Structures are given as structure tokens and as C-alpha cells.
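K.L.:
Using only what follows, build the 3D model:
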Amino acid sequence: MSISKRNVLTHGLSGMLGNVIVFRQKGTKTIVAVAPIKGKNAPPTAAQAKVRDRFKLAADFAKAAIRDPALKKLYADKASPDQTAYNIALADYFKAPEILSLGSDQYTGKVGDIISPSVSDMLEAKSVQVRIEKADGTLIEQGAAVVRQDKLHWDYTATQANAPVTGSKITVTATDIPGNIAVKQMVMQ
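P.N.:
Next up is the predicted model:
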């Protein structure tokens, strides 16, 4: 994709040229695109309908987000000059958080051990839950991790003894502001 700034031929153009090209303005940029095909009345496929439904939900979320002053500020702070809080909220709806690491290398099965998952998101994760199970699937404990100041790392302090730790399963579940969920598990060796 090329960008031409201060192009005297396209600066300020908007509209259709010869039913082939469409010009429109977005901020300081002139966008050139292929003209839409008219008369295409085929019903959407199941996949297209699913995407349209999801996009509608994303638009509804973004509209609600910008009506909330605190949330609007969070999204506006992430926006570049050519974006709005609405654009960022819409994009956030489509992107689940990512669990970068479980941070279980210091967990030995003792009360007070810390599990420190790292979670990345467009803004920040809303919550991070940690679940610890024995090798046979018996629940040992579960609870909410506490976010650090950097908004990337979370800390969960073990409250139950777990011996032996070998074969235990640690599950981290991260949820973001739009409600997207990411899950990552590991079995202790």
C-alpha cells in the first residue's frame, strides 16, 4: 500500500468516478477504492451471516463503551490520531486477550507460592483466574489473580498445599473488557 501526501490530483476528492473508482476522505487522507457492485442480491452465506452478526455485536459494544466516560477515555488513550475511541473499542471486541506465560515456574505446591501469569490485551485484561487441580482432576483451589501496576503481570498466591505437585494441572483464564476469554493450561512435571 502506498501513501501519497498532499497529492494535488486527489486532495479533497470524494465521490465516484466512472462507476469504477470511489474516493472518500478520512481525516487528512484520501481513500481510493473499487466501486461497489450494485444489484448483487444474493442472500448471505451462513459464514457471511455469522460475520455480520458478530460485527453488529461489536458495534453495539463499541457504542456502549463510548457512552461510558471512563471506558471511552481508556479507548481514546489507545487511539492513534486517525482513530477514535469507537474504532479501538470495536477492534477490542474482535481480539481476545493473549496469555503469554503461565508464570508457574516458582510454584512448588506450598501455601504462599506465587503463580504469575502474563496477559496481553488491546487495553488490559479485566480479570485473570487461576485453577489448580490434582493429576486425577480433583480441584485443589481456584481464585482471582491480582494485577500488578504494569497491567501485564498478575499474581495468584496459593492457599492450599499440593503435594506431590507432579501431574497437577494449572489453568489460567483471562477475560477482557468486551468479555473475550483466553485459556491456557499446563501439567506440572
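
K.L.:
Just the residues contacting stretch 31-42, thanks.
P.N.:
10, 16, 19-25 (CB atoms under 8 Å, 6 or more residues apart in numbering). For the C-beta atoms, the positions are set from N, CA and C on the backbone; glycine is no exception.

K.L.:
For the buried ones among these, write the corresponding ChimeraX selection.
P.N.:
Restricted to buried positions by 16 or more other CB atoms under 10 Å, the ChimeraX selection for the contacts of stretch 31-42 reads:
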select :22
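
K.L.:
ranges for the strands of the chain?
P.N.:
For the chain, applying DSSP state E gives strands covering 15-17, 21-26, 29-34, 98-101, 114-115, 118-120, 125-133, 139-144, 146-147, 154-157, 169-176, 181-187.

K.L.:
So in that sheet, which strands flank the third one, and in what orientation?
P.N.:
By that I understand strand 29-34. Here strand 29-34 has these sheet partners by DSSP bridges: strand 21-26 (antiparallel).

K.L.:
Any idea how far the strand it pairs with is from the middle of the chain?
P.N.:
Strand 21-26 sits 29 Å away from the centroid of its parent chain (CA atoms, centre = their mean, to the nearest Å).

K.L.:
still on that earlier bit, who wins for proximity to Pro69 among the strands of the chain?
P.N.:
With respect to Pro69, and counting by CB to CB, the nearest of the strands of the chain is strand 125-133 at 17.7 Å.

K.L.:
Not counting that closest one itself, show me its contacts.
P.N.:
97, 115, 117, 119, 139-145, 147, 151, 154, 156, 158, 160, 162, 168-177.
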